[in-house]
Each structure stands twice: as structure tokens, then as C-alpha cells.
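Visitor: Attaching a predicted model along with its sequence, questions to come.
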Protein chains: 2
Amino acid sequence: MNNSPIGIFDSGIGGLTVAREIMRQLPDESTVYFGDTARVPYGSKSRDTIISFSRQIMKFLMTKNVKAIVVACNTASAFALDTIAKETDIPVIGVIEPGAKAAADTTINKRIGVIATEGTIKSNTYPKVIKSIDPDIQVFSKACPLFVPLVEEGWQYDSVTYEIADRYLYDIMSYDIDTLVLGCTHYPLIRRTIQKVVGDKVTLVSPAYETAKELERILAGEDIRAHANKAEHHFYVSDSVERFRNFAGTILPCEIGPVECVNMEQYN
Amino acid sequence: MNNSPIGIFDSGIGGLTVAREIMRQLPDESTVYFGDTARVPYGSKSRDTIISFSRQIMKFLMTKNVKAIVVACNTASAFALDTIAKETDIPVIGVIEPGAKAAADTTINKRIGVIATEGTIKSNTYPKVIKSIDPDIQVFSKACPLFVPLVEEGWQYDSVTYEIADRYLYDIMSYDIDTLVLGCTHYPLIRRTIQKVVGDKVTLVSPAYETAKELERILAGEDIRAHANKAEHHFYVSDSVERFRNFAGTILPCEIGPVECVNMEQYN
């Protein structure tokens, strides 16, 4: 039993879709969320850079006395999870393994599509993890770099977004997939548009739900669940507090208290 | 007379359109280009963050013994130019003043449109500078946040880009402008698409050309032009060397030699 908070981080706002699931499924747990809004996006940047950013953020979260860390960003989970997990004693969990498990459980015809940022796709992590669960599953991947800026522009349900999604998904759909992994934490925010493009026969899998489930299992296994706790949620960013507050308010079910700005360079 | 290089910097690759003009107009001048690819884009980030990033880059360029600095990024010119110019003895010039002058010289009906990133538009710098030249000119501004990701996706001449440009420019065009400032260094790369949307009666102004002219005037005024110099061009980035090299190769008229990766955090 442990009432310390869960640390959650992302390149920016996308990880709030994971934070939302954690708050829903584990309402007693306090959280500390960090969004790296000064250096967003991560999806087009290199492995070394993402490891260096993630390491700074982990050091920052440790100063908040977190009992576990959720890497709520697919690109950071693909590039940095293994490295930073070795540098701490607390559990560090990413979104890719839970998402891959959920997809493998969902598919019937053993044909899964994965859409994500350029970095996540290039890392090849989703196909590797899915095939380690079931080597007979075939995985078809596609990077969709415009989805994040379209979400940030607020064009979630726009005809332009539909047209771009249609073009990105055209090849993948020709492989007769029955399951599609939303492999970037921004993508659940355009879920409806993506579902319209792929049709009802394809099941969309968002790692957020399974990540919260996995977190619950790990907290239970280590006997560090919160108990009789009045959950508190704190938010930190590296830039643009107001912009973050506004966006967070539209996603989260809780009141967004003060958001603080932190300079990451002091965590080297 | 001074054969030291000109320092040029941008958030990433867009500033190469300015470097290209400098190389064309001042072929004897050596250059040192820095693209902040680990923290790109700047257009959606705050004034304080952009000042802090620009200050680090200036410190880095000073270690390369530059004789002048060109801030080849509209957002950094809008937010950081005044601050960093005070912190050095060498000339520091931005792209906004030259662009504003060119637009004021071009317009006949005194109605100018400006398109740029969110940061540049919010700073209100273009309207302020244009009105300081001629208070009778009316300026109509529009942030176009999707243009940069569309260029980076390589969709410069795509129907989707045309559709998005049409939507962004619709309001501005209703004001009967005769001149449109491309107030982001990426935008010259979609010049043809923008021209198609606004039609032949609107003159597009790119600050790059005027910035190189202004640089020439300043170098002459300070008597620090290169002479009998075999120009050399060096390139530095904060992430993703190969990606930068590939892109630079499509923009610049010169051979791209080695590109080095630099960690900016050591320049505090």
C-alpha cells in the first residue's frame, strides 16, 4: 500500500488520453503528468534525442516521489523505455506492449494494421512485440505524420482530415486487416474519423485502456496500490501553460488545477 | 574586410531558403548554418522558450567566430531578435524587417496579407513594422499551422495542400489584398500552390531575398565583406543529421559536406 503518485509523461498533450484512462480505472491513484511542450513533437526525432529527453523527464518525476512511471507516448516507449527502465528501481511501463497484447487478443484473421509516428513505425517495435505473442500474425504499418498537427489544429472531424486519413490508410486497408492499432496517443482524438474511413468491420485498438489495466496489475503485484487516498492530480509542462490547460480541460474528467512550467535542462 | 563566416540559424530546415539567397547574392561569403531539429517547430511555442533557444544558438555560433548572425526564422525574429541583438557586438539581423519593407514597397492598393506561424502572427510584428513604414497600409494576418508539416511530409503540390491553402487564405483574400508576405521560411517551398490559390494579381513576397540584400548593405556599411575568399559552408543540427542532409540537398545550390550534431544544452 502506497499513496505516492503515478508519474505519467508524453511529448505534449497526447498522453492525456492515457492519463484519462488511468484516472477512470484507478480513481484512488494520484498522478503527476509531464508534457514536454517545449520540444514536442517526438515522432520525427531520433532515438538518441528521445532517450536523452526521456531520461531528463524521469529524473524530474523522481523528484515528485512517484512510485511508478507510465511512458504515455508511443515514440518514447519505442525508443527509450528499455534504457530508462534500467536506470530506476520503480516500475516503468510503456504503451506499446499493452497495445500489442490487446491487438493480438482482438484479431481473428491474424492481420493487424498499425498507424503511428514516423519514429514508432521505423523502430519496428509493434510488429516485434505482436509477433513475439503470436508469430502467425501479419502486421502492416503506416506512419501518419499529419495526424498530430491536424488534431492540434482542432480539425478532428474535418473533411480534409478524412481525405488525409483515407490516403494514409488506403494501402493498409488493401491487406484485409480486421484490427487497427492507434499507435500514437493523439490518434484516439480522431478515432471517429479513422473509424469512418476503415469501416465497421475493423476494430480500433487504443493502447490507453490496456495500459491502465497493465498498470493496475503491476501496482497490485508489487502491493503498492493507493488506499483510502483522496487522489490529487498535478500537471507540469516545459512550455505554454495556458495552451496546455485549455486542451487538458477538454480531455480530462477532473478539474485542472495549477499547471507549472519546468525547465528540463536542469535534470541532466 | 573580413573572411569570417556568416552565422545563420532556424528552427530546422526552413531557414535554408534564406541561406540559399545569401549564397546566391553573396557568393564570396562563408556560412555556418544551425538548424534546431531536436526542438523544431518554434511556431507554436512561447516567447520565453524561443528567446532561451535562440540565446543558446547565438552562443554556439559565436564559438564558430561568425562576423554577423542572420535569424532565418520568422518566429525567432519576432520573439528573440531584439533580446539577443543586445547581447553581442556583431550585427544580428532578422527576416521580418526586410520582408515588411519589401511588402510596403510592393503594394499599390495599400492592402497587404501576412501568413505565418501562430507565434509570428500573435507577436503582431509584421503589422507593427509595416505600419511604421507607412501608417496608411492595412495588414490582414492569418496563422497557417499546417503548412510546415505539409512541406515536411513532401506534399508541396498536393491537392490536399491546395484545399488547406484555399481554406486558410479565404478570409484574407476577401480583403482585396494585392501583396502577400510569406512570413515563415518554409512557405517559399509551397510558393506555387499558394500562388495558384491567390491568383496572378497578388504578388508574393518572400523575406529571404530582401534579407540577403539587407545583409549585404550591413556588411558593406561595417566594411566586413569577404574578399578573395573561397566560400565554405558548414552545417550543424541538434538532431537527425541524415534527414537534414537529404532535405538540404534538394534546396541548396552547393554541395552539402559533413553535417554535425550539436547538443545545445551545453550553451547555457
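Guide: Ah, there it is. Residues are numbered from 1 along each chain as shown, chains lettered A, B, ... in the order given.
Visitor: Report the contact partners of the residue located most distally from the centre of chain A.
Guide: Residue farthest from the centre of chain A, counting by C-alpha atoms, centre = their mean, is residue A:228 at 28.0 Å. Residue A:228 sits next to residue A:28 when contact means C-beta atoms under 8 Å, 6 or more residues apart in numbering or on different chains. For the C-beta atoms, the positions are set from N, CA and C on the backbone; glycine is no exception.
Visitor: Looks to me like it is in a helix.
Guide: No. Read with DSSP: H, G, I helix; E, B strand; the rest coil, residue A:228 is coil and lies in no helix.
Visitor: Quick check: the gap between it and chain B.
Guide: Residue A:228 is 40 Å from chain B, where distance means C-beta to the nearest C-beta, to the nearest Å.
Visitor: One more: residue A:199?
Guide: For residue A:199, the distance to chain B equals 21 Å [C-beta to the nearest C-beta].
Visitor: With residue A:73 instead?
Guide: Distance, residue A:73 to chain B, using C-beta to the nearest C-beta: 16 Å.
Visitor: That residue: how many residues sit nearby?
Guide: When neighbours are defined as other C-beta atoms under 10 Å in any protein chain shown, residue A:73 has 37 of them.
Visitor: so residue A:8 touches residue A:15, yeah?
Guide: Yes. Applying C-beta atoms under 8 Å, one finds residue A:8 in contact with residue A:15, separated by 6.1 Å.
Visitor: can you list residues touching both of those two?
Guide: A:33, A:72.
Visitor: Show me what from chain A comes close to chain B.
Guide: Proximity of chain A to chain B is confined to A:37-39, A:44-46, A:48-49, A:145-146, A:148-150, A:152-153, A:160, A:163-164, A:167, A:238-240, A:243, A:265, A:268 under the rule C-beta under 8 Å from any C-beta of the partner chain.
Visitor: Just the buried ones out of those, please.
Guide: Among the residues of chain A next to chain B, those classed as buried by 16 or more other C-beta atoms under 10 Å in any protein chain shown are A:37-39, A:44-46, A:49, A:145-146, A:148-150, A:152-153, A:160, A:164, A:167, A:238-240, A:243.
Visitor: pLDDT score for residue A:257?
Guide: Each residue has a pLDDT score; the one for residue A:257 is 86.
Visitor: what about residue A:208, neighbour count?
Guide: 27.
Visitor: With residue A:223 instead?
Guide: The burial count assigned to residue A:223 is 8, neighbours taken as other C-beta under 10 Å.
Visitor: Over to residue A:8?
Guide: Neighbours around residue A:8, by other C-beta under 10 Å: 28.
Visitor: just the helices in the stretch 51-200 of chain A please.
Guide: When secondary structure is read from DSSP state H, counting those that start in this stretch, the stretch 51-200 of chain A shows helices at A:74-79, A:81-85, A:96-106, A:118-123, A:125-133, A:147-152, A:159-173, A:191-198.
Visitor: Next up, phi/psi of the residue farthest from the centre of chain A, please.
Guide: Dihedral angles of residue A:228 (phi, psi; degrees, to the nearest 10) stand at phi 50, psi 40.
Visitor: Against residue A:3, how distant is it?
Guide: 8 Å (C-beta to C-beta, to the nearest Å).
Visitor: so residue A:3 sits right up against residue A:227, yeah?
Guide: Yes. Using C-beta under 8 Å, residue A:3 is in contact with residue A:227, at 7.0 Å.
Visitor: Which of the two has more residues huddled nearby?
Guide: A direct count of neighbours by other C-beta under 10 Å for residue A:3 and residue A:227 places residue A:3 higher, at 17 against 9.
Visitor: State the distance from the more buried one to residue A:255.
Guide: Residue A:3 sits 20 Å away from residue A:255, taking C-beta to C-beta as the criterion.
Visitor: What of residue A:209?
Guide: 23 Å.
Visitor: So which of these two has more stuff around it?
Guide: residue A:209 (19 against 7).
Visitor: Would you report the backbone torsion angles of the nearest residue in space to the more buried one that is not next to it in sequence?
Guide: Nearest residue to residue A:209, sequence neighbours excluded (C-beta to C-beta, 6 or more residues apart in numbering or on different chains): residue A:21, at 5.4 Å. Per-residue torsions, residue A:21: phi -70, psi -40 (degrees, to the nearest 10).
Visitor: Could you do the one 10 residues further on as well?
Guide: Listed backbone geometry of residue A:31 is phi -140, psi 150, with angles given as degrees, to the nearest 10.
Visitor: Kindly report the same for the one 5 residues further on.
Guide: Recorded main-chain torsions at residue A:36 are phi -90, psi 60, according to degrees, to the nearest 10.
Visitor: looking at it, it is touching residue A:13, isn't it?
Guide: No. If you go by C-beta under 8 Å, residue A:36 and residue A:13 don't touch, sitting 10.4 Å apart.
Visitor: In the stretch 151-268 of chain A, which residue sits closest to chain B?
Guide: Closest approach between the stretch 151-268 of chain A and chain B, counting by C-beta to the nearest C-beta: residue A:239, at 4.6 Å.
Visitor: three-state assignment of that residue?
Guide: What three-state DSSP gives for residue A:239 is coil.
Visitor: From residue A:20, how far off is it?
Guide: Residue A:239 sits 22 Å away from residue A:20, going by C-beta to C-beta.
Visitor: and the helix or strand containing residue A:8, which strands flank it?
Guide: Remark: residue A:8 resides in strand A:6-10, with elements defined by DSSP states H and E. Paired strands of strand A:6-10, with direction, are strand A:31-35 (parallel), strand A:68-71 (parallel) (DSSP bridges).
Visitor: among those, which is the most enclosed?
Guide: For the strands paired with strand A:6-10, the largest average neighbour count (mean count of other C-beta atoms under 10 Å in any protein chain shown) is found in strand A:68-71, namely a mean of 27.
Visitor: Now do that one: everything it contacts.
Guide: Residues from elsewhere that reach strand A:68-71 (C-beta under 8 Å, 6+ apart): A:6-9, A:18, A:22, A:54, A:58, A:61, A:77, A:80-81, A:84, A:88, A:90-95, A:211, A:215, A:218-219, A:224.
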